[in-house]
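> Give me a 3D structure for the following:
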Amino acid sequence: MDVRESDLREITRVWNEIAEFSVASSDGALKHALGTVMRLVGATNAFWVGGRRAAPSSTLHDPLAWSVTGMTYLVHANEVAATAEEQRRRFSQGLVDPMTAALIARAGSTRALLRSELVGEGAWRRSSIYNDVFRPLGIGDRLVGAHTIDPHNESYIGVERDRRGRPFGTRERDLLHLFLCGAQAFHRQLLRAEPSPYHLTPREREVLKLLLRGFSERAVARELSLTTNTVHQYVVTILRKFGITNGRVGLMAYFLREPHP
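Reported below is the predicted structural model:
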C-alpha cells in the first residue's frame, strides 16, 4: 500500500474523531470525514452516496439491482444538487454510467479505484456523466471508494479534482481505501441516520435530527418556529415513512439499536 507513517497517524486520528459524534450528529461527522479525506488526497470536492440492493434475490453485481438512498456533496452543494439529482433519476431508470457500473460490478468488498481502473478512456469520454456532468462543472478527475457493510448495503465516498489538477494516483487511492477500511461503524451510522433524503422533505429531516437529539415536540416547535400541531404532524409522517408504530420510543430504538449483520 502506497501510504506513509504520517498518513496512518492522520487517518487514525480521524477515525477517533468521527467515533465521538453521536447518531444525531451524523451530518457533522460526515462533513468532518469528507473534509479530512479531501485534504488528505488534495481534492477540490468530496461526496458521499448510500447504496442499497433492492431485494435479497437480486444479483449482487447488477447495477440495476441497487438504488441510491442518500447523497451529500461537501463543496458547492447547491450548484451540483440539480446535476446530482438528474444522475440519480437516470440511475433509477436503468441509465447507469460506466464508472458506476464498473464500481458495482466489484460489489461485495471494500474497495477504492481510480477512474482509469474502472473505465477506459474512450468509453469514459463518450459517457453521459462525462459530457453532462464533468465537462460543464469543470471536473477533471474522480476517485471513488465503497465500504461494503453487508450484501445489501454499501457506503460510497468519492473525491474530485478540477481540470487544473493532475489525475489521482495510487497514493490517493490507497489513502481512501485505508480510510474506508477502518470506519465500519461510521458507515453503518450514515446509512441509518441518512435514510432516503429523497423520501423525507428538508423540513422532515430537520425535525428528525432534533428528535434524535432528544428534543420534545414542543422544543422542536420552538427551535424551528413552528406550531406544536405542525411538528406533531411532521412526526406522524416521519414515523409512517419508516414504518414505526410505537412512537418516538420506536424511532429512537430504530436509530440507536445495534446494526444487524
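
> Confirm that residue 141 sits in a strand.
Yes - under DSSP: H, G, I helix; E, B strand; the rest coil, residue 141 falls within a strand.

> Pull the contacting residues for it.
Shown in contact with residue 141 (Cβ atoms under 8 Å, 6 or more residues apart in numbering): 115, 160-161, 165-168. No exception for glycine: its C-beta is placed from N, CA and C like everyone else's.

> Selection in PyMOL covering whichever of those are buried, please.
In PyMOL, this line selects whichever of the contacts of residue 141 come out buried by 16 or more other Cβ atoms under 10 Å:
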select buried, resi 115+160+161+168
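
> ok, the contacts of residue 141 vs residue 228, which is closest?
residue 160 (43.4 Å; Cβ to Cβ).

> Poorly predicted segments of the stretch 101-250 of the chain, please.
Low-confidence segments of the stretch 101-250 of the chain, defined by pLDDT under 70: 192-199.

> need the strands for it, in chain order.
Remark: strands assigned in the stretch 101-250 of the chain by DSSP state E, counting those that start in this stretch are 111-114, 139-150, 153-162.

> thinking again about what came up before, could you dump the contacts of residue 141 into JSON lines and include distance to residue 50?
Output for those, formatted as JSON lines (distance: Cβ to Cβ, whole Å):
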{"residue": "115", "distance to residue 50": "21"}
{"residue": "160", "distance to residue 50": "18"}
{"residue": "161", "distance to residue 50": "23"}
{"residue": "165", "distance to residue 50": "27"}
{"residue": "166", "distance to residue 50": "30"}
{"residue": "167", "distance to residue 50": "26"}
{"residue": "168", "distance to residue 50": "22"}
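
> okay, the strands of the stretch 101-250 of the chain, which one's buried deepest?
Highest mean neighbour count of the strands of the stretch 101-250 of the chain: strand 153-162, a mean of 23 (counted as mean count of other Cβ atoms under 10 Å).

> Mind giving me the packing neighbours of it?
If you count contacts as 3 or more Cβ pairs under 8 Å, 6 or more residues apart in numbering; DSSP states H and E, strand 153-162 packs onto helix 26-41, strand 45-53, strand 139-150, helix 170-181, helix 184-193.

> how far off strand 153-162 does the second one point, in degrees?
Between the direction of strand 45-53 and that of strand 153-162, the angle (axes from the mean of the first three to the mean of the last three Cα atoms, to 10 degrees) works out to 150 degrees.

> Report the strands that pair with strand 45-53, each with its relative direction.
As defined by DSSP bridges, the strand partners of strand 45-53 come to strand 66-73 (antiparallel), strand 153-162 (antiparallel).

> Go through those and name the closest to residue 224.
That would be strand 66-73 among those, by Cβ to Cβ, at 21.2 Å.

> Off-centre distance for that closest one?
6 Å (Cα atoms, centre = their mean, to the nearest Å).

> For that strand, buried residues please.
Neighbour-count burial for strand 66-73 [16+ other Cβ under 10 Å]: 66, 68-73.

> domains in this protein, as residue ranges please.
Listed domain ranges for the chain are 5-192, 202-256 (source: automatic domain parsing).

> quick one, which of the ones you listed is packed in tightest?
Mean neighbour count (mean count of other Cβ under 10 Å) peaks for domain 5-192 among the domains of the chain, with a mean of 17.

> you'd agree residue 171 is up against residue 2?
Yes - using Cβ atoms under 8 Å, residue 171 makes contact with residue 2 at a distance of 4.5 Å.
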